[in-house]
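> got a sequence here, can you build the structure:
(2 chains)
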Amino acid sequence: MNDSSLHPLARDYLKRLKKGAANLPRVRRTELIEEIESHLSEALPAGASEAEALNVLERLGEPGQIVAEAESGSKEALEARAGVRESLAVGLLLFGGLLFVVGWFVGLHLLWSSRIWTTRDKLIGALLVPGGLLPALVFAGAGIQTCQGGFEPATRTHPARSVTHCTSEISPTLRAVMIVVFVALIVLPIFSAVYLSHRAGKPRVAAS
Amino acid sequence: MIEYCVLALLRDGERYGFELVRTLSEVPGMVTSEGTLYPLLSRLRRAGVVETSWRESPSGPPRRYYRLTSSGRAVLEAFSGEWASFRDAVDHFLNQEKAA
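As a prediction, this is how the structure comes out:
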């Protein structure tokens, strides 16, 4: 933009702003100066009176104040980012059930108290297979127990041998269903963990 | 809090910086210095909740327009719900005080 289209007081103001913003990262400095310059050209026609100009500049605030705000931005928690807490929550939700079950509840607490996830995310994290991978393990254990291996001692008619007793006959359909359930119990907690990690990676505005 | 006001102003469509800043500063008690809103807009852009594009203006230099991203819309929606229950909770205690 051509500086000469600006009010003299606005030009002076911009000069002070550019000087004050010298330490900002280049892209942000350019962005800030462009925006203030465009604000001045909208608010202040070149032919405006001195009183009008002073009023516009007063509303705008001191350049130092604006630069301070721009500098504080990087330190502020406005861009809430996933931290250790969120990683721990996802990890415990997946594997915590295997840590004496209580680990999963710790994960649940961390999930619920985090500001990163929305309520919907939290519900998915909590309800898509509560216990994480634990139910898959329990399910597999139960499946194995229906067929028990044993050892039959030697008798007069035959020598000692190992045998497998199945408590019930498993039909192929039931077997297929059990495999599907087992796979689902593995896949869904992993999906939920991946989903939460993905959502945590998205920048959002923290409640402040 | 002003962050959410900006997002709310963009709910129905894009606006350019000066327009946003003037709308906000016209509400008494909202903004102390108009200039500090620009770094705030820049932070919202970097947080991915708004995006910007340059557009010709009918008069004067091109303007930088701001609009909500889908992530910004989700943040605004989540905040609207939280804010409503927070406001109700505070009202509950304030009115209790008055009644006592």
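
> show me what contacts residue 34?
Since you didn't name a chain, this refers to chain A. With contact set as C-beta atoms under 8 Å, 6 or more residues apart in numbering or on different chains, A:Glu34 has these partners: B:Arg64. In this view, the C-beta of every residue, glycine as well, is placed from N, C-alpha and C.

> hmm, I had chain B in mind actually
A:39, A:59-61, B:21-22, B:25.

> go on, A:Leu17?
A:32-33, A:36, A:63, A:66-67.

> only whichever of the residues you listed are buried, select them in ChimeraX.
With 16 or more other C-beta atoms under 10 Å in any protein chain shown as the criterion, this ChimeraX line picks the buried residues out of the contacts of A:Leu17:
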select /A:32,33,36,63,66,67
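
> what about the contacts of A:Leu17, which are in strands?
Judged by DSSP state E, strands contain none of the contacts of A:Leu17.

> mind jotting down where the helices sit in chain A?
Using DSSP state H, the helices of chain A run over A:8-20, A:26-43, A:50-60, A:63-72, A:84-95, A:102-113, A:119-127, A:134-145, A:172-201.

> B:Leu40 is nearest to which of those helices?
B:Leu40 sits nearest to helix A:63-72 of all these, at 7.2 Å, using C-beta to C-beta.

> and the closest one with helix A:8-20, angle?
40 degrees (axes from the mean of the first three to the mean of the last three C-alpha atoms, to 10 degrees).

> before we move on, the earlier item: redo the helices of chain A as JSON lines? Include mean pLDDT.
As requested, the helices of chain A are exported to JSON lines (pLDDT from 0 to 100):
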{"stretch": "helix A:8-20", "mean pLDDT": "94"}
{"stretch": "helix A:26-43", "mean pLDDT": "93"}
{"stretch": "helix A:50-60", "mean pLDDT": "94"}
{"stretch": "helix A:63-72", "mean pLDDT": "91"}
{"stretch": "helix A:84-95", "mean pLDDT": "83"}
{"stretch": "helix A:102-113", "mean pLDDT": "86"}
{"stretch": "helix A:119-127", "mean pLDDT": "86"}
{"stretch": "helix A:134-145", "mean pLDDT": "78"}
{"stretch": "helix A:172-201", "mean pLDDT": "87"}
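
> in TSV: the ones you listed, plus distance to B:Trp83.
Below are the helices of chain A laid out as TSV (distance: least, C-beta to C-beta, whole Å):
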stretch	distance to B:Trp83
helix A:8-20	34
helix A:26-43	28
helix A:50-60	28
helix A:63-72	24
helix A:84-95	23
helix A:102-113	19
helix A:119-127	14
helix A:134-145	37
helix A:172-201	21
